[in-house]
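[1] I would like to see how this sequence folds:
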Amino acid sequence: MKIKIAIGVAVAIVVGILFGIFHGNDEKIPSEKKMARILADVYFVDAMYQVRGNFYSSGSSSRSDKSTESAYHTVLQHYDMTKADFDTAVAWYAKRPEQYVRVYDMVISILSKREGDYKVILNKRDSISNLITQKNDSLRITLFKIPQNIHVPVEPRDSIKEKNLRFSYPLDSLRGGTMHLKLGYIFQRKNEAKSPANVQLIVHYNDAIIDTTSAKLTYSYASKVVELDYKLRDTLAARKLQVNLLNTTDFKKVVANISEATVTYMPYLITDSVQFDEIQLPPIFAY
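    Residues are numbered from 1 along each chain as shown. Okay, here's the model as predicted:
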């Protein structure tokens with residue numbers, strides 16, 4: 001009952017908008033079934049464009065009147081109606097409550113069927129997306145992983161390498177693809193470091209070219225996970241990977257626990273664009 005009321009209000013609003021947009025006096029009155037299909041299509045097109053954001057500007061809830069009128073015109077054109085025809089039809093049915101109620105019930109029926117059809121399509125898309133994610137995960141190659149938890153009592157007298165928890169891994173002239181670093185950590189209560197700290201992923205290429213990607217570490221006594229991605233250059237061969245798990249310039253005592261540190265490599269990613277393009281949504285006017 002609530003759904004019927006909500007859709008009824010929405011249809012009434014759309015009809016009101018159209019009544020204000022379209023004007024004319026031609027007495028071409030569509031049948032009840034045709035009028036129901038017209039109103040259902042108008043409402044459906046309006047809702048679809050709202051979801052896709054085509055009728056809204058970024059950060060604004062105001063609708064573009066020009067785009068709205070254009071969309072409604074497309075619906076009327078399909079039914080070989082002019083703006084004047086529609087205006088006249090709306091006025092004609094508005095004066096005949098019993099017929100309008102029958103039209104309204106048919107609109108509810110059409111929209112309910114479309115809702116069910118689209119849910120099936122969208123569920124199929126979700127299933128394909130999950131399969132793509134699983135396939136991509138199976139292609140990942142682990143380049144670096146700490147064998148066990150690392151407790152870090154880093155003292156001021158320690159070297160920069162020791163402070164940074166620096167690890168290196170040789171790369172066999174890798175080109176393209178994406179590296180993904182994941183770090184799980186927690187700073188202990190005894191930690192005294194205050195200056196910014198971050199985790200770094202550094203890739204050394206031939207010709208002395210170096211790329212550095214980093215992510216900020218938060219001084220927190222709760223467990224945290226930070227992740228970052230780096231896309232390898234396609235035109236250069238990568239020869240070495242360097243990871244600084246705890247990059248800081250603070251000379252005070254750092255006390256932390258590294259629970260997880262992995263770097264994986266994805267040669268390429270399977271995208272969902274092709275698969276999704278093959279799953280066509282039902283035509284708007286197919287009902």
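
[2] helix/strand/coil for Tyr230?
    Following DSSP: H, G, I helix; E, B strand; the rest coil, Tyr230 is assigned to strand.

[3] residue contacts, it?
    178-179, 181, 201, 203, 211, 213 (CB atoms under 8 Å, 6 or more residues apart in numbering). All C-beta atoms are positioned from the backbone trio N, CA, C, and that covers glycine.

[4] for it, name its beta-bridge partners.
    Met179 (DSSP bridges).

[5] low-scoring stretches of the stretch 101-250 of the chain, by residue?
    For the stretch 101-250 of the chain, applying pLDDT under 70 flags the ranges 121-122, 124-126, 128-129, 131-133, 135-139, 154-156, 158-163.

[6] just the helices in it please.
    Taking DSSP state H, counting those that start in this stretch as the test, the helices found in the stretch 101-250 of the chain are 160-164.

[7] about what we covered before: can I have the buried ones of the contacts of Tyr230 as a PyMOL selection?
    Of the contacts of Tyr230, the buried ones can be selected in PyMOL as follows, counting by 16 or more other CB atoms under 10 Å:
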select buried, resi 179+181+201+203
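
[8] phi first, then psi, for Tyr265.
    With angles defined as degrees, to the nearest 10, Tyr265 sits at phi -120, psi 130.

[9] might one say that Arg189 is in contact with Ala222?
    No. Assessed by CB atoms under 8 Å, Arg189 is found out of contact with Ala222, at 11.8 Å.

[10] still on that earlier bit, CSV for the contacts of Tyr230, including distance to Leu39?
    Shown next, in CSV, are these (distance: CB to CB, whole Å):
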residue, distance to Leu39
Thr178, 49
Met179, 54
Leu181, 54
Leu201, 56
Val203, 59
Asp211, 57
Thr213, 54
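
[11] any idea how far Phe167 is from Arg189?
    27 Å (CB to CB, to the nearest Å).

[12] which of these two has more neighbours?
    Phe167 (15 against 6; other CB atoms under 10 Å).

[13] show me the contact partners of stretch 95-102.
    Contacts of stretch 95-102 (CB under 8 Å, 6+ apart): 32, 93-94.

[14] ok, 6 Å please
    Outside stretch 95-102, the residues within contact range by CB atoms under 6 Å, 6 or more residues apart in numbering are 32, 93.

[15] list the buried residues of that stretch.
    Those buried within stretch 95-102 under the rule 16+ other CB under 10 Å are 100, 102.

[16] cool, stretch 225-234 as well?
    For stretch 225-234, by 16+ other CB under 10 Å, it's 226, 228, 230, 232.

[17] from those, which is closest to Ile258?
    Nearest to Ile258 among the buried residues of stretch 225-234: Val226, at 11.3 Å, using CB to CB.
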